[in-house]
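1. got a sequence here, can you model it:
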Amino acid sequence: MRTRFILIQTSHAGNVGAAARAMKTMGFDELVLVAPRWANVLRREETIQRASGALDVLANARIVDTLDEALDGVTHLCATAMIPRDFGPPTRTPREHLEPLAKGEEQHVAFLFGSERFGMRNEDVYRCHVALSIPTDPQFGSLNLGAAIQVIAYEWRQALGGFAVRDATAPVRAADAQAVAGMLDHWERSLVQIGFLDPEAPKKLMPRLQQLFNRAQPTEEEIHILRGIAKAMADAADGKTPIRRA
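-> Next up, the predicted model:
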């Protein structure tokens, strides 16, 4: 769905940059500013620094004089207001409202954020279909504008299907049973050499180690490490090399 973020009378340039960054991380790029404090806010150094690379969002952003201009084409408007208004729209959590909205008919959705200094005017809230309230600690519900935009952008992206999480590490390959058995045999011989295992009275040591490594599901590389440890133990027992502590 087409999505627009609208900021009314933003007073801090840094918050515009933070808004651009929050939007870009969630894949949104339509930002409209209504009568911001600074006419050149999109080019101010603080804005650019706080955008942290989301310069394309700033480049595409529009500045308008009135909310009417900002709402052009919007079919579903969401206020972000902490305090419910008498005769205003229903107040819902973002997740409660956005999940069914995403599954409904195609809409041009806009999220409306008020000024940092005085929030949203009643008449602006009244124009909205819903007032979204982010569940916070009742004793401290104050959210920075950029943080609030990030939460709403995240919840809306999740409702739309979200992004896949990419693995930060390469996939690993678990060692097969034969490799584990070979490693355990190597360990058994080394444990005998260092005097830890009595071959005449082994008790349940090796079956216990077998179960330990079955649970651990070591990788091929980890099997090589464990066999290297077994070799180092045996060499130290034979007086070939000293044991070095890692």
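2. how about the secondary structure of the most centrally placed residue in the chain?
-> Centroid-nearest residue in the chain, with CA atoms, centre = their mean: Y154, separated by 8.4 Å. Here Y154 is recorded as helix under DSSP: H, G, I helix; E, B strand; the rest coil.
3. residue contacts, it?
-> Neighbour list for Y154: M26 [criterion: CB atoms under 8 Å, 6 or more residues apart in numbering]. For glycine as for every other residue, the C-beta is placed from the backbone atoms N, C-alpha and C.
4. what about it, distance to D68?
-> Y154 sits 29 Å away from D68, taking CB to CB, to the nearest Å as the criterion.
5. could you point out which element follows the lowest-mean-pLDDT helix or strand in the chain?
-> Least confident helix or strand of the chain, by mean pLDDT, DSSP states H and E, is helix 122-126 with a mean of 90. On the C-terminal side of helix 122-126, the nearest following helix or strand under DSSP states H and E is strand 130-132.
6. what lines up beside that following strand in the sheet?
-> Sheet pairing of strand 130-132 (DSSP bridges) gives strand 76-80 (parallel), strand 91-92 (parallel).
7. flag every buried residue along stretch 177-185.
-> By 16 or more other CB atoms under 10 Å, the buried positions in stretch 177-185 come out as A179, V180, M183, L184.
8. my error: substitute stretch 98-112 in the last question.
-> In stretch 98-112, counting by 16+ other CB under 10 Å, buried: L98, L101, A102, Q107, H108, V109, A110, F111, L112.
9. what does it rub up against?
-> Stretch 98-112 has contacts (CB under 8 Å, 6+ apart) with 1-6, 8, 70-71, 73-80, 120, 124, 128, 132, 149, 152, 155-156, 159-161.
10. if we can go back for a sec, for the buried residues of stretch 98-112, which one is nearest P89?
-> Nearest to P89, judged by CB to CB, of the buried residues of stretch 98-112 is L112 at 11.1 Å.
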